[in-house]
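> Got a predicted model here, sequence first, then my questions.
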Amino acid sequence: MRLLLQRARRGSVAVGGETVAAIGPGLVVLAGFGPRDTGALPGEPRWAGMIDKLLDLRVFPDDAGKMNVGLREWTVPQDMRGAGGTGVIPGGIAAIPGASLGELLLVPQFTLHADCRKGRRPSFSSAAPPAVAARLFDQLTADIDARLPGRVRCGIFAADMDVSLVNWGPVTIWLSDDDLFPERRPPHGGG
């Protein structure tokens, strides 16, 4: 599993020109699954470990302005609530009503497993099969929502999405279970 997280002032997903999900301040997270990510993944310790790392990574400012607070407990400053006080994200969709805690926009992204080692055209054979990835994405969304009730929005699996965000900082961080859980790496030369 690979997650690319971006701290954002706001984020949204549109499909066919219509906004289907939007958040105010929080994280926009692209999620991709690889060939070793099977239906058994949600029962493995690395699943919960990746979710906890995502939610507790200290990328939000504390009262002193230092990146010292995770999304799970970060309170959105008053001047940032409701997309700058308007209560509406550009595109016409309302921010999560009354949000005072940071939000999360989760977007399925198989291209996180692109292999660009040969030629100029990326190969996506390292991405999980679509049926497996769809189930994993749905489970990831449900498991994160259980930890952040009402604070999660998501893109649409396999849709042609327009993802918009205002990256705050900018802060962009790559999380890979291969890096965080090296014991699961295949032996040298393996898939």
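Happy to help now that I have it.

> Centroid-nearest residue for this structure?
For the chain, the residue nearest the mean C-alpha position is residue 29 (1.8 Å; CA atoms, centre = their mean).

> so what's that residue closest to, chain neighbours aside?
In space, and not counting its chain neighbours, residue 29 is closest to residue 5: 4.8 Å by CB to CB, 6 or more residues apart in numbering. (C-beta placed from N, C-alpha, C; glycine too.)

> So what does the residue nearest to the centre of the chain look like in phi/psi?
Reported as degrees, to the nearest 10, the phi and psi values for residue 29 are phi -120, psi 120.

> ditto for residue 50
Dihedral angles for residue 50 - degrees, to the nearest 10 - are phi -70, psi -40.

> Report the distance from the longest strand seen in the chain to the chain centre.
Longest strand of the chain, by residue count under DSSP state E: strand 161-176. Between the centre of strand 161-176 and the centre of its chain there are 9 Å (CA atoms, centre = their mean, to the nearest Å).

> Show the contacting residues for the residue nearest to the centre of the chain.
By CB atoms under 8 Å, 6 or more residues apart in numbering, residue 29 lies in contact with 3, 4, 5, 6, 54, 104, 105, 106, 107.

> residue ranges with poor pLDDT in this structure?
For the chain, applying pLDDT under 70 flags the ranges 82-99, 184-191.

> Can you show me the strands along it?
2-15, 18-23, 26-32, 60-61, 67-69, 88-89, 93-94, 103-108, 152-154, 161-176.

> Can you lay out those strands as a markdown table showing distance to residue 143?
Below are the strands of the chain laid out as a markdown table (distance: least, CB to CB, whole Å):
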| stretch | distance to residue 143 |
| --- | --- |
| strand 2-15 | 13 |
| strand 18-23 | 17 |
| strand 26-32 | 12 |
| strand 60-61 | 21 |
| strand 67-69 | 21 |
| strand 88-89 | 25 |
| strand 93-94 | 24 |
| strand 103-108 | 11 |
| strand 152-154 | 10 |
| strand 161-176 | 15 |
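
> and of those, who's closest to residue 80?
Residue 80 sits nearest to strand 2-15 of all these, at 6.8 Å, using CB to CB.
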